[in-house]
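[1] Sequence first, predicted model second:
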Amino acid sequence: MNNLSATVKMLRKQYGLTQEELSLKSGVGLRFVRDLEQGKKTLRLDKVNLLLDFFNYEMVATKKSAAR
């Protein structure tokens, strides 16, 4: 599980939401929420930001760590 998927899952559980409730409240599809939480490698960035906005989060570009 990658950092994004773990963060979204943690936030969803903190808010006491099911995946279905999160999809309805954030404006993305249930399949998208499931794919994101399962760490799917290819996701639409606009939908990621739409979902993250619900939690008052946003995607930002950061430099890769040298450990890769």
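    On my side now, so go ahead.

[2] State the number of residues packed around residue 42.
    Residue 42 sits with 5 neighbouring residues when counted by other CB atoms under 10 Å. No exception for glycine: its C-beta is placed from N, CA and C like everyone else's.

[3] same thing with residue 12?
    By other CB under 10 Å, neighbour count at residue 12 equals 21.

[4] quick one, what contacts it?
    By CB atoms under 8 Å, 6 or more residues apart in numbering, the contact set of residue 12 is 18-19, 22, 33, 37.

[5] Distance check, it against residue 62.
    For residue 12, the distance to residue 62 equals 23 Å [CB to CB, to the nearest Å].

[6] In helices, which of the contacts of residue 12 appear?
    Counted as lying in helices by DSSP state H, out of the contacts of residue 12, are 19, 22, 33, 37.

[7] on contacts alone, who are the packing partners of the helix or strand that contains residue 31?
    Using DSSP states H and E, residue 31 sits in helix 30-37. Where contact means 3 or more CB pairs under 8 Å, 6 or more residues apart in numbering; DSSP states H and E, helix 30-37 is packed against helix 3-14, helix 19-26, helix 45-54.
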